[in-house]
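*Asks:* Whatever this is, show me its structure:
(one chain, ligands or ions: 1)
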Amino acid sequence: MEKKIKRIGVLTSGGDAPGMNAAVRAVVRTCIACDIECIGIRRGFQGLINSDFRKMDGNSVSHILSRGGTILYTARSDDFMTEEGRQRAVTTCKMLGIDGIVAIGGDGTFRGALELSRLGVPVIGIPATIDNDIGCSNYTIGFDTACNTAVECIDKLRDTMQSHERCSVVEVMGRNAGFLALYVSIAVGATAVLVPEREVDFERDVVERIQNARLAGNTHFMIVVAEGVGSAFDIGKRIKEELGMDPRVTVLGHIQRGGAPNARDRETATRMGYFAVKAFAEGRVNRIVGTQHGDVVDLPIEEALQMKKRLQMERYDVLEAMGNFGH
Ligand code: F6P
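*Replies:* Residues are numbered from 1 along each chain as shown. Here you go, the predicted model:
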């Protein structure tokens, strides 16, 4: 018979993402429904090392569904990279009588969770990152809200670029992935987008795109650069040198990670949090939760970490077809 799970810990780690709070809330409330105690670990894996925790009850997660950030705080722990740090984290789990950890975050979080599982602490991961770069899940919590934030900012930029008949170069986040950049580019009708998944040919991807837009009658241009490609300032400089324009460069930065999670992120986070605790309760551990074709699923952590997500280049073709006629 499966060992009854009595107590689990929940933590958020890595870059925060809108909807992390909704996931924490769902984990805590599902625990209560399943008669499991829940301990909130503060500041990610560093909190496990430092024994930095708080007991969670139904009220401790009231009014957080709509809040950005994470009430548990987050961190990227260098100590957890060491054997000694990981051993201390395991000791904390033993001391608190924790039967397992729900780790909410991205790729780095799951690698940390894998290390914990290898040391005998059962884990379940929930994907939350604005980068949407987790192979085992179609969708990661926070992506849609971040897209909407970027779209709102770029729409505003467009107004002033249009008035001044300028070229705008906008850098969006995404680490080594172009999901955010490509998705946002279609939504704002960008003139061009540069993503790390496609080798940049400046002539083809920027110069010709601007020339085509100009021939189509446009007098302002929006170039979106995924941060994984390099600095938007360098792209702006090249545009100036090669086209004689005077572009304005904007790095959207961390603003993309803030704000109230939208409906999709709240709903997905709530379902994933529920699913993660149910998996624990049913004895399915060392898994990563994800969405596949709209359903919430879970996969063994090692297998999940091997999976790669392809950036759909068809989206690139869609953007190109739109741009040929101007915005
Ligand atoms: O992974 C989320 C993310 O926002 C990336 O898009 C970005 O590259 C990185 O985190 C920024 O990290 P930091 O908050 O440490 O500057």
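*Asks:* what's the longest helix in this structure?
*Replies:* helix 143-164 (DSSP state H).
*Asks:* what sits up against it?
*Replies:* 17-19, 68, 129-132, 166-168, 170, 172-173, 179-180, 183-184, 187-188, 190, 219-222, 224, 248, 250, 252, 255-262, 264-265, 327 (CB atoms under 8 Å, 6 or more residues apart in numbering). (Each C-beta comes from the backbone N, C-alpha and C, glycine too.)
*Asks:* where in this protein is pLDDT low?
*Replies:* 1-3, 324-327 (pLDDT under 70).
*Asks:* so who does Asp205 touch?
*Replies:* The contact partners of Asp205, taken as CB under 8 Å, 6+ apart, are 192, 194, 198.
*Asks:* residue boundaries of the helices in this protein?
*Replies:* Secondary structure of the chain (DSSP H): helices located at 20-33, 44-50, 83-96, 107-118, 143-164, 179-188, 202, 208-215, 232-243, 263-281, 301-306, 314-323.
*Asks:* The fifth one relative to helix 263-281, how many degrees between them?
*Replies:* By that I understand helix 143-164. 160 degrees (axes from the mean of the first three to the mean of the last three CA atoms, to 10 degrees).
*Asks:* List the buried residues for helix 143-164?
*Replies:* 143-151, 153-154, 157-158, 161 (16 or more other CB atoms under 10 Å).
*Asks:* now check that helix, is it near the ligand?
*Replies:* No - contact of helix 143-164 with the ligand is not found when judged by CB under 6 Å from any ligand atom; the minimum separation is 8.3 Å.
*Asks:* May I have that helix as PDB, with CA atoms only?
*Replies:* This file holds the C-alpha atoms of helix 143-164, laid out as PDB (Å, rounded to 0.1, in the frame of the first residue of the first chain):
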ATOM      1  CA  PHE A 143       3.600  33.300 -20.700                       C
ATOM      2  CA  ASP A 144       0.300  34.800 -21.700                       C
ATOM      3  CA  THR A 145       0.300  37.600 -19.200                       C
ATOM      4  CA  ALA A 146       3.900  38.500 -20.200                       C
ATOM      5  CA  CYS A 147       2.900  38.500 -23.900                       C
ATOM      6  CA  ASN A 148       0.000  40.900 -23.100                       C
ATOM      7  CA  THR A 149       2.300  43.200 -21.100                       C
ATOM      8  CA  ALA A 150       4.800  43.300 -24.000                       C
ATOM      9  CA  VAL A 151       2.000  43.900 -26.500                       C
ATOM     10  CA  GLU A 152       0.600  46.800 -24.400                       C
ATOM     11  CA  CYS A 153       4.000  48.400 -24.200                       C
ATOM     12  CA  ILE A 154       4.800  47.900 -27.900                       C
ATOM     13  CA  ASP A 155       1.400  49.300 -28.900                       C
ATOM     14  CA  LYS A 156       2.300  52.500 -26.900                       C
ATOM     15  CA  LEU A 157       5.700  52.600 -28.600                       C
ATOM     16  CA  ARG A 158       4.000  52.400 -32.000                       C
ATOM     17  CA  ASP A 159       1.900  55.500 -31.300                       C
ATOM     18  CA  THR A 160       5.000  57.600 -30.900                       C
ATOM     19  CA  MET A 161       7.000  55.900 -33.600                       C
ATOM     20  CA  GLN A 162       4.100  56.500 -36.000                       C
ATOM     21  CA  SER A 163       3.900  60.200 -35.100                       C
ATOM     22  CA  HIS A 164       7.600  60.700 -35.600                       C
END
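*Asks:* distance between that helix and the chain's centre?
*Replies:* For helix 143-164, the separation from the chain centroid amounts to 19 Å (computed by CA atoms, centre = their mean, to the nearest Å).
*Asks:* And the fourth one, by the same measure?
*Replies:* Computed by CA atoms, centre = their mean, the chain-centroid distance of helix 107-118 equals 17 Å.
*Asks:* Would you mark the buried spots in it?
*Replies:* Going by neighbour count (16+ other CB under 10 Å), the buried part of helix 107-118 is 107-117.
*Asks:* what does the third one give?
*Replies:* Buried residues in helix 83-96, counting neighbours by 16+ other CB under 10 Å, are found at 85-86, 88-90, 92-93, 96.
*Asks:* Just list the residues touching the residue most central in space within the chain, thanks.
*Replies:* Closest to where the C-alpha atoms of the chain average out (CA atoms, centre = their mean) is Thr129, at 1.5 Å. Thr129 sits next to 14-15, 17, 105-107, 140-143 when contact means CB under 8 Å, 6+ apart.
*Asks:* The ligand contacts on the protein?
*Replies:* So far as CB under 6 Å from any ligand atom goes, the chain lies against the ligand at 15, 106, 129-131, 173-175, 227, 257.
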